[in-house]
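**Q** A predicted structure for the sequence below; I have some questions about it.
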Amino acid sequence: DTAVSQTPKYLVTQMGNDKSIKCEQNLGHDTMYWYKQDSKKFLKIMFSYNNKELIINETVPNRFSPKSPDKAHLNLHINSLELGDSAVYFCASSRGKDTQYFGPGTRLTVL
Amino acid sequence: GQNIDQPTEMTATEGAIVQINCTYQTSGFNGLFWYQQHAGEAPTFLSYNVLDGLEEKGRFSSFLSRSKGYSYLLLKELQMKDSASYLCAVRGLGGSWGKLQFGAGTQVVVTP
């Protein structure tokens, strides 16, 4: 009965690799988000999709590419991983601009 | 843009009350949220204010003054499980859709 789920929970990879993180929500929400939380615990918006349309695209390297196949899913693909990409990535969802509900996070470690 | 300030850390004893302040400067305001985040876990929603005044939810209350750019989260009858980071987040207007700008969080340590 998980509301917002992410896979994988942990991801350890080498510099230069390409990886994907998946997110799914079963709340019937129409808006989904990706946030990055760095080592200082600062939570920062990266992208947002509403009804599969990109509506927020912050200043993020174009190595990061989000994809929303449908309203319930938002994936994040990262090319050519760098050390600075190490962080916890949180997916969230909401109904329109209402309260956002977060997934459990994916801890990415780039070696 | 938006600047959001909150204290880095606060310590209080079990059963006590703690007030976490949050000040913000924003070019547009459409609501303020408080989230709780335990170490290694996801942020969980606590409260929401869009109009001035106090919102009470059990042991937690949140206050907003839009004219002062100020909010606080009040935690009463502290329990050990309340030890966590508390995040203040401001929602902008219009084209920024549901974009939330988060503060750096206040780490609350509850001692026996």
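**A** Right, received. Where do you want to start?

**Q** show me what contacts the most centrally placed residue in chain A?
**A** Most central in chain A under C-alpha atoms, centre = their mean is A:Trp34, positioned 3.4 Å from the mean C-alpha point. Listed by C-beta atoms under 8 Å, 6 or more residues apart in numbering or on different chains, the contact set of A:Trp34 reads A:23, A:45-48, A:66, A:74, A:76, A:89-91. For glycine as for every other residue, the C-beta is placed from the backbone atoms N, C-alpha and C.

**Q** what about B:Asn21, helix or strand, and which?
**A** If you go by DSSP states H and E, B:Asn21 is part of strand B:18-26.

**Q** sorry, back to before: please go through the contacts of A:Trp34 and note which also touch chain B.
**A** Filtering the contacts of A:Trp34 for proximity to chain B by C-beta under 8 Å from any C-beta of the partner chain leaves A:45, A:48, A:90.

**Q** shaky segments in chain B?
**A** Scanning chain B for pLDDT under 70 picks out the ranges B:1-2, B:94-98.

**Q** mind doing that once more with 80?
**A** B:1-2, B:27, B:93-98 (pLDDT under 80).

**Q** quick check: residues of it near chain A?
**A** Chain B comes close to chain A at residues B:30, B:33, B:35, B:37, B:41-45, B:48, B:85, B:87, B:91, B:96-102, B:104-105, as judged by C-beta under 8 Å from any C-beta.

**Q** buried ones among the residues you listed?
**A** B:30, B:33, B:35, B:37, B:42-43, B:48, B:85, B:87, B:91, B:96-102, B:104-105 (16 or more other C-beta atoms under 10 Å in any protein chain shown).

**Q** in helices, which of these fall?
**A** Among these, no member falls in helices (DSSP state H).

**Q** which residue is the nearest non-sequential neighbour of A:Gly28?
**A** Residue nearest to A:Gly28 in three dimensions, not counting chain neighbours: A:Arg95, with 7.5 Å by C-beta to C-beta, 6 or more residues apart in numbering or on different chains.

**Q** for chain B, what spans make up the strands?
**A** Listed in chain order, the strands of chain B (DSSP state E) span B:2-5, B:9-13, B:18-26, B:32-37, B:44-49, B:53-57, B:60-65, B:70-75, B:84-91, B:100-102, B:106-111.

**Q** which strands or helices does the longest one pack on?
**A** This points to strand B:18-26. Contacts defined by 3 or more C-beta pairs under 8 Å, 6 or more residues apart in numbering or on different chains; DSSP states H and E place strand B:18-26 against strand B:2-5, strand B:9-13, strand B:32-37, strand B:70-75, strand B:84-91, strand B:106-111.

**Q** can you state the direction angle for it and strand B:84-91?
**A** Calculated by axes from the mean of the first three to the mean of the last three C-alpha atoms, to 10 degrees, strand B:18-26 forms an angle of 30 degrees with strand B:84-91.

**Q** shouldn't A:Val88 be in contact with A:Gly103?
**A** No: counting by C-beta atoms under 8 Å, A:Val88 stays clear of A:Gly103, with 10.6 Å between them.

**Q** between these two, which one's more packed in?
**A** The neighbour comparison of A:Val88 against A:Gly103 (other C-beta atoms under 10 Å in any protein chain shown) goes to A:Gly103, with 27 against 19.

**Q** ok, that one touching A:Cys91?
**A** Yes: if you go by C-beta under 8 Å, A:Gly103 and A:Cys91 touch, sitting 4.2 Å apart.
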